[in-house]
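# Got a sequence here, can you build the structure:
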Amino acid sequence: MSKIYIVEDDRSIREELAELLRSSGYEAEYLTDFSDSADKILSAGADLILMDINIPNLNGEQLLREIRKKTDTPVIMVTSRTSETDEVLSMSYGADDYITKPYNPTILLLRISAVMKRAAGSSQTRTYNGLQVNDAKGSLTDGSRELSLTKNEMIIFRFMLDRQGSIVTRDELMTALWDNDEFVNDNALTVNISRLRSKLAELGCEDAIETRKKQGYILK
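Down below sits the predicted model:
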């Protein structure tokens, strides 16, 4: 039975989460004393950590950064804030996913399942043009530098990597994002592809994504 550790300072919320997880077949524990939080979380030996951003002492993002120095245990950040900055910071500090309150319990359970499946398969190293692709952390590294991708950027990159050398249409990418419970409009897709291009170029893969007018994109 997989163990999930809840880091949430609101007693009623953490108890509801624990009940939801236990009824779904997980072992669930939660943090109640927020002094030395990182040590307590690490000693719990969880398979996944569900962490709120707004917690006492260190905030969730700072706590995540401390945890990431010692473990690659999957972490899903939970917050009531909807700023894109929160998502970018969380992913850059090593979060595996990000969900906002109020969340649909079914969606949360699907996110947990997806993250745990990715973590289980992360031992199989994938590469692209000399870059290591870390699916669990959502990052790319050339050995000396590591860049984090947002969830949408990683979904797009993985989809194109699986079809490297072939044309991928915008409709296919939109469908891939929808299948992962994400909503993006056409303009947002363009922005995500542009950011992905920039990050690949920053790691030495200039012109990695070629645009085929009226057809789609090719990851070369």
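# And the strands in the protein?
Applying DSSP state E to the chain gives strands spanning 3-7, 27-30, 48-52, 75-79, 97-100, 126-128, 131-134, 139-141, 146-148, 209-212, 216-219.
# What pairs with the third one, parallel or antiparallel?
What it means is strand 48-52. In the sheet containing strand 48-52, the strands it pairs with under DSSP bridges are strand 3-7 (parallel), strand 75-79 (parallel).
# Would you convert those strands into TSV that also reports distance to Ile218?
For the C-beta atoms, the positions are set from N, CA and C on the backbone; glycine is no exception. Formatted as TSV, the entries for the strands paired with strand 48-52 read as follows, by distance: least, CB to CB, whole Å:
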stretch	distance to Ile218
strand 3-7	39
strand 75-79	33
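# Now that we have those strands, can you turn them into a markdown table and tack on mean pLDDT?
As requested, those are exported to a markdown table (pLDDT from 0 to 100):
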| stretch | mean pLDDT |
| --- | --- |
| strand 3-7 | 94 |
| strand 75-79 | 87 |
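# how does the protein divide into domains?
The record's domain split for the chain, according to automatic domain parsing, is 3-121, 126-219.
# Could you count how many residues lie near the residue nearest to Ala38 when sequence neighbours are not counted?
Take Ala38 and drop its neighbours on the chain: the residue closest to it by CB to CB, 6 or more residues apart in numbering is Glu66, 4.3 Å away. Applying other CB atoms under 10 Å, we find 15 residues neighbouring Glu66.
# Test my guess that Glu66 contacts Asn59.
No: in terms of CB atoms under 8 Å, Glu66 does not count as a neighbour of Asn59; the distance is 11.1 Å.
# Identify the residues contacting Asp142.
Gly130, Leu131, Gln132, Leu203, Gly204 (CB atoms under 8 Å, 6 or more residues apart in numbering).
# so what's the residue nearest to the last one when sequence neighbours are not counted scoring on pLDDT?
Sequence neighbours aside, Asp142 is the residue nearest to Gly204 in space, at 6.3 Å (criterion: CB to CB, 6+ apart). pLDDT for Asp142: 89.
# Quick check: phi and psi at Asp142.
When read as degrees, to the nearest 10, the backbone of Asp142 gives phi -100, psi 10.
# Pull up the gap between it and Asp72, please.
19 Å (CB to CB, to the nearest Å).
# All the helices of the chain, in order from the start?
When secondary structure is read from DSSP state H, the chain shows helices at 11-23, 37-43, 60-68, 84-92, 105-121, 151-161, 170-179, 186-202.
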